[in-house]
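K.L.:
kindly return the folded structure for what I paste below:
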Amino acid sequence: MNNIKSLLKNRYIKNMVILSSGTLLAQMINVITTPIITRLYAPEQLGAYFSVLTIVSIFTPVINGRYDMAIVLSDSDEESESLIVVSFLFGILFLIIIGFCLFIFMQVNSTVFNGIDNLIYLSLPILLVNSFINILANYHNRHKNYNLMASVYVTQALYKAITQVSLGIVKFGILGLLISLLLSSLVGLKKQAKFMPKFHELYMRTKTIGITKLVKKYKKQPLYSSPAILMNSLSFSLMTLFINSLYSLKDAGYYSIAYSMLVLPLTLISMNVGRVFFSKASEELQLNGNFHDVFKKTALGLTILSVPLFLLLMIFAERFFEFAFGVGWGRAGVIVQILSPMFAVRIVASSLSLSFIVGGKQKIELVLQSILLIETISIFYFALIFKLSIENYLTIYGSILLITYLVWIMIMNNLSKQKSVGRS
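P.N.:
Sure, this is the predicted structure:
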């Protein structure tokens, strides 16, 4: 008990517990709601919903050019507030580009979005809201407002669950799923925006020359970090589209539900540990010239958490899915079993991936993420050429990515030992 009390007094651990508790409650709401959702919506509708969500997942982390991450890194509060303006302006510009490219793509080849059609454009307002949420999340991370962030997770999850079930009952279909996602994001945005300076005041205080200097100072973010994260998002988000192309929209629905269950612990652990690790590692780098101590402790803790968690998923997933989600959904449980070993390692690698930004090695991250994307696309074409079953396709995919993430962890460990380098 004394050891537990001592751990909870540690600010680093305490912040993780606060964020994780909020995410845990949010994910519990998702878990409780999912069996209802699978009974209100057909696998094809869920497949279509997750295909739209693919676009959102691909671009949300990079829509602000990763300048939003620099809000945490910045040397002063004045600079961080100016970075809010930079992130906002970049987000608007990038959203226009995404909308234009999406329109052109739909005119040239709309077969990738079979069964979805013009609903794909609903990804744009969702992306707009998410760009604001990115900025607010990093602002509150800088100021360690973790209680607020945790409460936002719960509020969004609760609001999304209520609207998804309600709209499912009245047979809104995929449109109901997308509306619920947009409305829950708006609720979270409003809640966070109350506790930060008004944007127009920040904009008036930020001179054009100041914006230009910041854009140049943190140029590695859009040049290297953004493409790297975009490739990471593509590597995983494209899988729904690949499975739809190789097999069927129904199989894409099974995969999407399986993936959503696998990312529950990933979201719970990786997102929250990653945020707090990012802040702590930045501080440690300034004080000690490296951040190996916090890297080592965080990696060990993550390993202790992830291995038994995914071992349980491997053993019980198929039976659990069949029981909880209804007849036929055991197929999604099989997918969970196949991908669990890779996700156990991915949790550790993803949580610590901000090491590249802390250490100023965004170029290395870009190379590694490029390799990950190439692997994903290559495995798809291998499955296409040799007509692999979905089980064999996912087994090869999971095995190769597991090895890739182990290599990542070794590289990041070596990076954390290096002396301080420029991060701009």
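
K.L.:
only C-alpha atoms for contact and neighbour calcs from this point on.
P.N.:
Noted.

K.L.:
which residues in the stretch 301-424 of the chain form helices?
P.N.:
Along the stretch 301-424 of the chain, counting by DSSP state H, counting those that start in this stretch, helices occupy 330-352, 355-358, 362-386, 390-417.

K.L.:
go through those and name the closest to residue 163.
P.N.:
Among the helices of the stretch 301-424 of the chain, helix 330-352 comes nearest to residue 163, with 24.3 Å by C-alpha to C-alpha.

K.L.:
show the average pLDDT along the closest one.
P.N.:
The average pLDDT for helix 330-352 rounds to 93.

K.L.:
helices and strands around the one helix or strand residue 186 maps to, which ones?
P.N.:
For residue 186, the enclosing helix or strand under DSSP states H and E is helix 173-193. Other helices and strands packing on helix 173-193, by 3 or more C-alpha pairs under 8 Å, 6 or more residues apart in numbering; DSSP states H and E, are helix 43-59, helix 123-142, helix 146-169.

K.L.:
which element follows the first one toward the C-terminus?
P.N.:
Same thing as helix 43-59. Helix 43-59 is succeeded, C-terminally, by helix 67-73 (DSSP H and E).

K.L.:
and that next one, how far out from the chain middle?
P.N.:
With C-alpha atoms, centre = their mean, to the nearest Å as the basis, helix 67-73 stands 17 Å off its chain's centre.

K.L.:
put the alpha carbons of it into PDB.
P.N.:
Extracted C-alpha coordinates of helix 67-73, given in PDB (Å, rounded to 0.1, in the frame of the first residue of the first chain):
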ATOM      1  CA  TYR A  67       2.400  22.500 -35.500                       C
ATOM      2  CA  ASP A  68      -0.200  21.700 -32.800                       C
ATOM      3  CA  MET A  69       2.500  19.400 -31.200                       C
ATOM      4  CA  ALA A  70       4.900  22.300 -31.000                       C
ATOM      5  CA  ILE A  71       2.500  24.000 -28.600                       C
ATOM      6  CA  VAL A  72       3.800  21.500 -26.000                       C
ATOM      7  CA  LEU A  73       7.400  21.900 -27.000                       C
END
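
K.L.:
helices or strands up against that helix?
P.N.:
Using 3+ C-alpha pairs under 8 Å, 6+ apart, helix 67-73 sits against helix 77-108, helix 123-142, helix 272-288.

K.L.:
mind listing what's buried in the shortest one?
P.N.:
Yep, that's helix 272-288 we're talking about. Buried positions in helix 272-288, judged by neighbour count with 16 or more other C-alpha atoms under 10 Å: 272-285.

K.L.:
tilt between that helix and helix 330-352?
P.N.:
The directions of helix 272-288 and helix 330-352 differ by 10 degrees, with axes from the mean of the first three to the mean of the last three C-alpha atoms, to 10 degrees as the criterion.

K.L.:
report the mean per-residue pLDDT for helix 272-288.
P.N.:
84.

K.L.:
just the C-alphas of it, formatted as CSV.
P.N.:
Output of helix 272-288 as CSV, limited to C-alpha atoms (Å, rounded to 0.1, in the frame of the first residue of the first chain):
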residue,chain,number,x,y,z
ASN,A,272,-2.6,8.9,-22.6
VAL,A,273,0.8,7.6,-21.9
GLY,A,274,2.1,9.1,-25.1
ARG,A,275,0.8,12.6,-24.1
VAL,A,276,2.3,12.5,-20.6
PHE,A,277,5.5,10.9,-21.8
PHE,A,278,5.9,13.6,-24.5
SER,A,279,5.6,16.4,-21.8
LYS,A,280,7.9,14.6,-19.3
ALA,A,281,10.5,13.6,-21.9
SER,A,282,10.7,17.2,-23.2
GLU,A,283,11.3,18.4,-19.6
GLU,A,284,13.9,15.7,-19.0
LEU,A,285,15.7,16.5,-22.2
GLN,A,286,16.1,20.1,-21.2
LEU,A,287,17.3,19.2,-17.7
ASN,A,288,19.6,16.2,-18.4
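
K.L.:
okay, now residue 297: neighbour count?
P.N.:
For residue 297, the neighbour count with other C-alpha atoms under 10 Å is 10.

K.L.:
where's it, which helix or strand?
P.N.:
Residue 297 belongs to helix 292-325, assigned by DSSP H and E.

K.L.:
and that helix, what does it pack onto?
P.N.:
Taking 3+ C-alpha pairs under 8 Å, 6+ apart as contact, the helices and strands that helix 292-325 lies on are helix 11-40, helix 272-288, helix 330-352, helix 390-417.

K.L.:
any stretches of this structure with poor pLDDT?
P.N.:
1-12, 109-116, 197-201, 203-209, 420-424 (pLDDT under 70).

K.L.:
okay, the nearest residue to residue 125 once chain neighbours are set aside and residue 56: tell me how far apart.
P.N.:
Of all residues not flanking residue 125 in the chain, residue 182 sits nearest, at 7.6 Å (C-alpha to C-alpha, 6 or more residues apart in numbering). When distance is defined by C-alpha to C-alpha, to the nearest Å, residue 182 is 11 Å away from residue 56.

K.L.:
out of those two, which sits in the busier spot?
P.N.:
Set residue 182 next to residue 56 and count neighbours by other C-alpha under 10 Å: residue 56 wins out with 23 against 20.

K.L.:
ok, the more buried one - contacts?
P.N.:
Counting by C-alpha atoms under 8 Å, 6 or more residues apart in numbering, residue 56 makes contact with 123-124, 126-127.

K.L.:
if we use 7 Å, what do you get?
P.N.:
By C-alpha atoms under 7 Å, 6 or more residues apart in numbering, the residues touching residue 56 are 123, 127.

K.L.:
before we move on, the earlier item: with distance to residue 162 and mean neighbour count added, can I get the helices of the stretch 301-424 of the chain in TSV?
P.N.:
Output for those, formatted as TSV (distance: least, C-alpha to C-alpha, whole Å; neighbours: other C-alpha atoms under 10 Å):
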stretch	distance to residue 162	mean neighbour count
helix 330-352	24	23
helix 355-358	37	24
helix 362-386	35	18
helix 390-417	33	17
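
K.L.:
dump those to JSON lines, plus distance to residue 104.
P.N.:
Listed next are the helices of the stretch 301-424 of the chain as JSON lines, based on distance: least, C-alpha to C-alpha, whole Å:
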{"stretch": "helix 330-352", "distance to residue 104": "33"}
{"stretch": "helix 355-358", "distance to residue 104": "33"}
{"stretch": "helix 362-386", "distance to residue 104": "22"}
{"stretch": "helix 390-417", "distance to residue 104": "30"}
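
K.L.:
ok, back up a step: among the helices and strands packed on helix 173-193, which is the most enclosed?
P.N.:
helix 43-59 (a mean of 23; mean count of other C-alpha atoms under 10 Å).

K.L.:
what angle sits between that one and helix 11-40?
P.N.:
Going by the same axes, to 10 degrees, helix 43-59 is angled at 150 degrees with respect to helix 11-40.
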